[in-house]
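1. Curious how this folds, go ahead:
(chains A and B)
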Amino acid sequence: MKVPVPWLRELVGLPDSVTTEQLAARLTAFDLKLEEIVGGQLSGPLVVGRVLSAVPEPQKNGKTINWCRVDVGPEHNDPATDDLPAGRGIVCGAHNFGPGDLVVVSLPGTFLPALGFEISARKTYGHVSDGMICSTAELGLPGGDQSGILVLEAGSAEPGDDAIALLGLNDETLDLEVNPDRGYAWSLRGVGRDTALAFDLPFRDPADIEVTDTDGEGYPVVVEDREACPVFVTRRVTGIDPTRPTPEWMARRLVQAGMRSISLTVDISNYVMLELGQPNHAYDAAKLSGPIGVRRARAGERLTTLDDVDRVLDPADLLICDDEGPVGLAGIMGAAHVEIDDTTTDVVIEAAYFDRSTVARAARRHKLSSEAARRFERGVDPSLQARAAQRVAELLVEHGGGRIEPGITVVGEVAPRPAVTLAADLPRRIAGVPSIDLEASVAALRGNACEVEVQGDQLVVTPPSWRFDLNDPYDVVEEVLRVVGYDQVPSVLPQAPGGRGLTRAQELRRRVGYALAGAGLVEVKTFPFAGEEDFDKLGLPADDERRRQVLLENPLSAQEPGLTTTLLTGLLRAAGLNVGRGHEDVALTEMGRVFRTRDDSPHAPIYGVDRRPTDDELAVLDAALPDQPLMAAWTMLGQREKRGWSGPGRDATWADAIAVAKRLADVLHVELTVEAVALAPFHPGRCAAFLLDGTVVGHAGELHPKVLEAYGLPARGVAGEVNLDALIGAAPELGPRPDFSSFPVAKEDLAFVVDASVHAGDLQAALASSGPLVESVRLFDIYAGDQVPAGKKSLAFNVRLRAADHTLTDAEITEARAAAVEAAARFDATLR
Amino acid sequence: MSAPNSDYDPVEVTPLRADEVERMRDAALEAIAAADSVEALKQVKIDHVGDRSPLALANREIGALPPQARKEVGQRVGQARGAVNKALAERTAQVEAVEFERRLAEEAVDVTVPVDMEPVGARHPLTTIQDHVADIFVAMGWEIAEGPEVEAEWLNFDALNLGPDHPARTMMDTFWVAPAEAAMVLRTHTSPVQARTMLTRQPPIYIACPGRVFRTDEPDATHAPVFHQVEGLAIDEGLSMAHLKGTLDHLATAIYGEGTTTRFRPSYFPFTEPSAEVDLLCYVCHNDPAQVADCPTCRGEGWVEWGGCGVVNPRVLIACGVDPERYSGFAFGMGLDRTITSRYDIADLRDLWDGDIRFTEPFGIGL
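-> Numbers count the residues shown, from 1 in each chain, chains lettered A, B, ... in the order given. The predicted structure is shown next:
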């Protein structure tokens, strides 16, 4: 809400000693937060001047300038010479003025915010221009011919008068942030009341208006929907002189408040809205036919609003109609065809109170906000309509020469707001401010125009008609506290009962985070949005379930219409960014949630709020949400170990990608089994699936060459992704017990020749479980070549044997070795 | 070797003469002293101690002496051999020590060469700050609560006293899951986690919820559609705004250092009543009159905006199954992304989200 400071000062009778900054600070403390103070930057000497002479001088560039002598008052004039009267010489390029006109002159030293620099005397077109004759735009004033020189009304001022004060050029405006619960503050009346309360001044309500000429009908009204339109008032003013201008002070206030000055009648309507907070409308009586009706729209009905948009109406839209059809979208905007024009002499003034959500929904539906809608949505004083209409009428009489027609139509009325009963000490208890006693509470509430009754240890508080925010005891507490001051709240640290620390899952997630960093991966965060383009780049088949996204109604971009199903979309994009910025060796990781649609695309229920939903209801709600597991993903490109003086370095390989998953499993003490699979976005022969109790929980391997190409990544780049929720869920409460023997080890090396298709991991597992004496098995060589038959390979293992309780005998070692060889035989492995 | 001969006069056996033994001993000692390498000592050992050395040969002659002569001569030769062996051992140790030192000296390397062959990982500052803040709360005896990011409309809005027509709803810039009738959103705050906690347990409740939230802001230098918050909720008997202030002061001190206080300004949130904005005493200039005017962080204000807070609206308690007659509580929330950008003077919010390794790397694994 833009509040012109002079207007507010006048309304409240604020002492001059209170600065604008002090005013703003107090209002901020009263929940009317200052966004900024606008204006006040202009500095003089800016004076009224009378043009004595203006000599046109054509220039070489085709322009004609005026070489003027301007009387700027005795204080600023150069003395008269033989040829020239007292005044100053000024060059001016505009032509909409002449000798004798009163103009505004910025003398050297003037700072005009609209120009952004200080005026100085300068040599131009062969003269020294000793100042500038100002245009409307240069002065930052509204209306008129913006580029033309502002010519003041003859006789309205004298040369040398201070133009800043005369034109209100240095008026300041407070731009206040009004919270949605304080609808009343969208008016000078509301801000004024809070200002008076803040400075402890008596408040004279501008809405204390006597409604006159009430006998008879204003203009006939038929309200069909009394719930959506509880109050509707009309009255008529005739004989307005449409040529009368808007008073300068009124136009200025409108502009300062962020509105345009349009015509007297429209300006008065807007002025009363700003002053009292009551949106109102003046219809050209000549364009209305028949009584005004208030009803819901009919299917297919259309309306062209004042902004020249042809709108298809919704049956829930509330309309103002006449016999011909809709003349306005209630509480939001009038229709173009009943607009006031420059011939309008008779008007019908409408002031209504509309249901807040009816207006809010229609405004949202039509994506149409307006000054009126903003106020109705947040709540207009429902007792104000007749008085606001009276105020409009009186201003039309005063400034437009109109006549109030006897009679007023008032349809409906709103019951007073219900009283709120609260424990008298609630404000003190909830605010935690010891100084809030009964007296302080009562005084604060009365200052807010509440009626307060003390009944024993209870307060019965009846809020004024415009305070829609005061419904509950706690609402009342806030009103007390803002008067007492939020700065009075002491600082007391509460003592929580002993907590249980992080949950196991939270702890394990941190462990995983550190393990990923320990693996040399740099964590990044990316936006979880993705689309077909991303999935195409990953090479996902058309029927891949990772293409089935949770879609958004209102995504930021059409390319990313939904949430991602894999962290690799963001991670590979980030990898590409790094490569593009010249980092060839990149190892990235991200931990985050991905989102998977449910097959039945359920809807989440919306429950009431007057009670807790039942456990069953909550279960239904949770079941509707998409699966959103926490994942960890990683990618490694280029060198894993850097080349340099110590050697050629080592490129990241598929094995590194798999090792990361193994490492995560290790730190969580879970066992992952590895299987070879062919799956996008990986190289079909270089992808591992990780299984946890038979369920796939992730993949890793070398990225498919086409995927690398699509993302602009170097060849042989690798990646992986695992479901952390699954891994963490499987983590045992305790890690394994340390179990080792201090008896001597026996080391056996076994090399087998097997079919090339045999997986080393399977053979290793078979050896490891070939007997109780096997302590560990480690693959140390893979060979295929001349020394083994074609289609075969040699796998060589170190096998360590050890007993828990004695030194192994030769016989035991021989037996264990034989058992291992026999276990290998299942793979048709022959000892080399 | 000569055969034993009892008539043999040892003095007549040249090698066993005292002066001869002395000469052999001295020759050996001289050679030992002159040897300056392990190699040379090896040769000295062969020449003077070995089986074919003069002293060894002399020793063998002893056996040929008559028994009465053996003792004296044996002593003489034995002493000589002992002296030589001792000198050899000493010299060997000396030379080996010198050679060992020399070898170590030769093995010296240039320790200033780059050694960063292994990759070094790092954690994102938004991760570490969430951990850090969580630790502060855990130290206060609070617990850390979590919830889904795609959330039911009812939990993100209705349960928090944000009814369908509430003007504040439109200010939330919400991402809606399609179709709109699905009544699901990307959570606009972590407050639904608070609601979920109240729905599943009874007070006393002291929880903090750090997490990722969403608003429909186009990414630019100062906006991102995804950001991080931490919210806190305390529900107990007798809690007031004063306890809220105490908690926030404590948190401010824990994050920003001793002496960082907070101040309240009235505000409005549907889920709290009374509601306040909380400002932080500027952690750069501390509102010091000598510095505040030029302070780039608070821009001369002395205070920086930190978050929103208030006493939990009893309507929220009712919707979540908490008895508002018995319990009261407070809630607060603040953005964490800005904590990072303002403390590290990061001008462009997009740096947090681009994934450039040069952004994360300097943070290492902790702030």
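2. Ramachandran angles for A:Leu568?
-> When read as degrees, to the nearest 10, the backbone of A:Leu568 gives phi -70, psi -20.
3. count of residues packed around it?
-> Applying other Cβ atoms under 10 Å in any protein chain shown, we find 31 residues neighbouring A:Leu568. Just so you know, the C-beta spots here come from the backbone N, C-alpha and C atoms, and that holds for glycine as well.
4. quick check, distance from stretch A:496-505 to the centre of its chain.
-> Taking Cα atoms, centre = their mean, to the nearest Å, one finds the center of stretch A:496-505 at 34 Å from the center of the full chain.
5. Indicate whether it makes contact with chain B.
-> Yes: Stretch A:496-505 lies within reach of chain B by Cβ under 8 Å from any Cβ of the partner chain, at A:Ala496, A:Pro497, A:Gly498, A:Gly499, A:Arg500, A:Gly501, A:Leu502, A:Thr503.
6. which of the residues in that stretch are buried?
-> A:Ala496, A:Gly499, A:Leu502 (16 or more other Cβ atoms under 10 Å in any protein chain shown).
7. Tell me how far A:Thr517 lies from B:Arg102.
-> No, residue A:517 isn't Thr; it's Ala. Look at A:Ala517 and B:Arg102: by Cβ to Cβ, to the nearest Å, they are 44 Å apart.
8. Neighbour count for those two, which is higher?
-> Set side by side, A:Ala517 and B:Arg102 show more neighbours around A:Ala517, with 22 against 10, by other Cβ under 10 Å.
9. Could you verify that that one is part of a helix?
-> Yes: counting by DSSP: H, G, I helix; E, B strand; the rest coil, A:Ala517 is located in a helix.
10. That one against B:Ile365, yeah?
-> Yes: counting by Cβ atoms under 8 Å, A:Ala517 touches B:Ile365, with 5.1 Å between them.
11. In JSON lines: the residues of stretch A:496-505 next to chain B, plus pLDDT.
-> Below are those laid out as JSON lines (pLDDT from 0 to 100):
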{"residue": "A:Ala496", "pLDDT": "93"}
{"residue": "A:Pro497", "pLDDT": "92"}
{"residue": "A:Gly498", "pLDDT": "85"}
{"residue": "A:Gly499", "pLDDT": "87"}
{"residue": "A:Arg500", "pLDDT": "91"}
{"residue": "A:Gly501", "pLDDT": "94"}
{"residue": "A:Leu502", "pLDDT": "96"}
{"residue": "A:Thr503", "pLDDT": "96"}
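12. From the residues you listed, pick the one nearest A:Pro684.
-> A:Thr503 (39.8 Å; Cβ to Cβ).
13. Enumerate every residue touching that closest one.
-> B:Glu143, B:Ile144 (Cβ atoms under 8 Å, 6 or more residues apart in numbering or on different chains).
14. for A:Lys2, what are its contacts?
-> A:Lys2 is in contact with A:Val38, A:Thr173, A:Leu174, A:Asp175, A:Leu176, A:Gln256, A:Ala257, A:Gly258, counting by Cβ under 8 Å, 6+ apart.
15. For the first one, give me the backbone phi and psi.
-> When you say that, I think you mean A:Val38. Torsion angles, degrees, to the nearest 10, at A:Val38: phi -100, psi 140.
16. For it, which non-adjacent residue is spatially closest?
-> With Cβ to Cβ, 6 or more residues apart in numbering or on different chains as the criterion, A:Val38 has its nearest non-adjacent residue at 4.3 Å, and that residue is A:Thr173.
17. okay but A:Val480 is in contact with A:Ala431, surely?
-> Yes: A:Val480 lies in contact with A:Ala431 (Cβ under 8 Å); the separation is 7.0 Å.
18. can you give me the strands in the stretch 51-200 of chain B?
-> Listed in chain order, the strands found in the stretch 51-200 of chain B under DSSP state E, counting those that start in this stretch are B:143-144, B:150-152, B:184-186.
19. Of all those strands, which one is nearest chain A?
-> Closest to chain A of the strands of the stretch 51-200 of chain B is strand B:150-152 (Cβ to the nearest Cβ; 3.9 Å).
20. The stretch 151-300 of chain A: strands as residue ranges?
-> A:151-152, A:173-178, A:221-223, A:231-238, A:280-284, A:292-296.
21. which stretches of chain B have low pLDDT?
-> For chain B, the stretches with pLDDT under 70 are B:1-13, B:167.
22. can we see that at 50?
-> Counting by pLDDT under 50, the low-confidence segments of chain B come to B:1-2, B:10.
23. Show me the domain layout of it.
-> B:10-106, B:125-363 (automatic domain parsing).
24. Of those, give the one that comes closest to A:Leu152.
-> Closest among those, using Cβ to Cβ: domain B:125-363, at 38.8 Å.
25. now do the same end-to-end measure for that closest one.
-> In domain B:125-363, first residue to last residue: 6 Å (Cα to Cα, to the nearest Å).
26. go on, stretch A:792-811?
-> OK, stretch A:792-811 end separation, Cα to Cα: 32 Å.
27. Just put the domains of chain B in JSON lines and tack on distance to A:Leu197.
-> Converted to JSON lines, these look like this (distance: least, Cβ to Cβ, whole Å):
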{"stretch": "domain B:10-106", "distance to A:Leu197": "86"}
{"stretch": "domain B:125-363", "distance to A:Leu197": "13"}
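28. Can you say which of these is packed in most?
-> Among the domains of chain B, domain B:125-363 has the highest mean neighbour count (mean count of other Cβ atoms under 10 Å in any protein chain shown), at a mean of 20.
29. which ones are touching the residue of the stretch 1-150 of chain A found nearest chain B?
-> Nearest residue of the stretch 1-150 of chain A to chain B, counting by Cβ to the nearest Cβ: A:Asp31, 3.6 Å away. Counting by Cβ under 8 Å, 6+ apart, A:Asp31 makes contact with A:Asn179, A:Arg182, A:Arg482, B:Arg265, B:Pro266, B:Ser267, B:Tyr268.
30. go again using 6 Å as the cut-off
-> Shown in contact with A:Asp31 (Cβ atoms under 6 Å, 6 or more residues apart in numbering or on different chains): A:Arg482, B:Pro266.
31. Can you check the pLDDT for it?
-> On pLDDT, A:Asp31 comes in at 92.
32. cool, and A:Ala154?
-> Value for A:Ala154, per-residue pLDDT: 85.
33. Same check on the one 10 residues further on?
-> For A:Ile164, the pLDDT comes out at 88.
34. How many neighbouring residues does it have?
-> By other Cβ under 10 Å, 19 other residues sit near A:Ile164.
35. for A:Gly160, same thing?
-> A:Gly160: 19 surrounding residues under other Cβ under 10 Å.
36. roughly how far apart are the one residue sitting closest to the centre of chain A and chain B?
-> By Cα atoms, centre = their mean, the mean C-alpha position of chain A lies nearest to A:Leu556, the distance being 12.9 Å. Noted for A:Leu556: a distance of 6 Å to chain B, by Cβ to the nearest Cβ, to the nearest Å.
37. for that residue, phi and psi?
-> Here is the backbone geometry of A:Leu556 (degrees, to the nearest 10): phi -70, psi -30.
38. okay, it: pLDDT?
-> Note on A:Leu556: pLDDT of 95.
39. next one: A:Gly39
-> 83.
40. Next up, the contacts around the nearest residue to it once chain neighbours are set aside.
-> Spatial nearest neighbour of A:Gly39, chain neighbours left out: A:Glu172 (4.6 Å); criterion: Cβ to Cβ, 6+ apart. Applying Cβ under 6 Å, 6+ apart, we find A:Glu172 in contact with A:Val5, A:Thr20, A:Ile37, A:Gly39, A:Gly40.
41. Report the buried residues of the longest strand anywhere in chain A.
-> Longest strand in chain A by number of residues (criterion: DSSP state E): strand A:46-58. Using 16+ other Cβ under 10 Å as the test for burial, strand A:46-58 gives A:Leu46, A:Val47, A:Val48, A:Gly49, A:Arg50, A:Val51, A:Leu52, A:Ser53, A:Ala54.
42. before we move on, what about stretch A:101-113?
-> In stretch A:101-113, counting by 16+ other Cβ under 10 Å, buried: A:Asp101, A:Leu102, A:Val103, A:Val104, A:Val105, A:Ser106, A:Leu107, A:Thr110, A:Leu112, A:Pro113.
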